[in-house]
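# What follows is a predicted structure for the sequence shown.
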Amino acid sequence: MSGAGVLHTVSHRGQVAAPAALEWFAGDQPDPIGYLLAPGRAEWFRCPDGVAHGPDGPRELGDAFELFATSETRQLRWFHQADGYGQAVCLGEDAALLPPGEPVGAADGPQRTRLPVAAERMLAGRVIRTWDGWATLATARYSSCDVPVAADRDQEVWASLAEYVIRDEHGNVSVADTLLLSLAARGKEDRS
């Protein structure tokens, strides 16, 4: 997602289980990453083949209640609704790069336009271990977490985000959507 643009959205046709939503999203995308929320756990994953993999193998998605994935051109949001199924939506600036689905858009509200400057957020902790494109973040406040990023020991991991705004009839601007674009490791010397 480069440059300022309008955010487009499609939804999967009907309710779908988390693994099918991820497969629908991943398609031909190059190595998407994402995270899932389930009872008692929150885990990051890579999705090189349409299947969520953690550092030790496939991730279990059966008990997930939220799933998010991102690539360079689009983002998936899936939320459990009932009996292991939920609604999946895919968002991106280029409607032609979205997977087949039902358009969601202009009739549902004002256009969401990307702010020209990317937002950044630091993930909690510092890198304490690295291997095969994964890094373990640790801090005294939270449990350690494996994230899909190449890093060096003692670096921080930052999320690059795109924020999309809407403007109301009075000219007021509000952030309506935030999309995770990527993760990157940084040392203290890389901070601006």
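Arrived safely. Residues are numbered from 1 along each chain as shown.

# What mean pLDDT does stretch 77-89 get?
Averaging pLDDT along stretch 77-89 yields 96.

# buried ones in that stretch?
By 16 or more other Cβ atoms under 10 Å, the buried positions in stretch 77-89 come out as 77-80, 85-86, 88-89. Yep, even glycine has a C-beta here, placed from its N, CA and C like the rest.

# ok, now stretch 116-135?
123, 125-127, 130, 134-135.

# Kindly indicate which of these lies nearest residue 33.
Among the buried residues of stretch 116-135, residue 134 lies closest to residue 33 (Cβ to Cβ), at 10.6 Å.

# closest to residue 46 among the buried residues of stretch 116-135?
Relative to residue 46, the closest of the buried residues of stretch 116-135 is residue 134; by Cβ to Cβ it sits at 8.4 Å.

# Turn the buried residues of stretch 116-135 into CSV, including distance to residue 32 and pLDDT.
Listed next are the buried residues of stretch 116-135 as CSV, based on distance: Cβ to Cβ, whole Å; pLDDT from 0 to 100:
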residue, distance to residue 32, pLDDT
123, 18, 95
125, 23, 94
126, 25, 96
127, 22, 97
130, 21, 96
134, 15, 97
135, 18, 97
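
# could I get the buried residues of stretch 77-89 as CSV with distance to residue 56 and secondary structure?
Shown next, in CSV, are the buried residues of stretch 77-89 (distance: Cβ to Cβ, whole Å; DSSP: H, G, I helix; E, B strand; the rest coil):
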residue, distance to residue 56, secondary structure
77, 26, strand
78, 23, strand
79, 26, strand
80, 24, strand
85, 27, strand
86, 26, strand
88, 26, strand
89, 29, strand
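
# which parts of the longest strand seen in the chain are buried?
Identified as the longest strand of the chain according to DSSP state E is strand 173-186. Buried residues in strand 173-186, defined by neighbour count with 16+ other Cβ under 10 Å: 176-177, 179-181, 183-186.

# so when I look at residue 142, I'm seeing a strand, right?
No: with DSSP: H, G, I helix; E, B strand; the rest coil as the criterion, residue 142 is coil rather than part of a strand.

# can you tell me which residues contact the residue nearest to it when sequence neighbours are not counted?
Setting aside the residues directly before and after it, residue 142 is nearest to residue 124 in space (Cβ to Cβ, 6 or more residues apart in numbering), at 5.4 Å. With contact taken as Cβ atoms under 8 Å, 6 or more residues apart in numbering, residue 124 is in contact with 137, 139, 141-142.

# Can you tell me which of those are classed as buried?
The neighbour-count test (16+ other Cβ under 10 Å) marks residue 137 as buried among those.

# so can I have TSV of the contacts of residue 124 showing distance to residue 98 and pLDDT?
Shown next, in TSV, are these (distance: Cβ to Cβ, whole Å; pLDDT from 0 to 100):
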residue	distance to residue 98	pLDDT
137	31	97
139	36	94
141	37	92
142	34	89
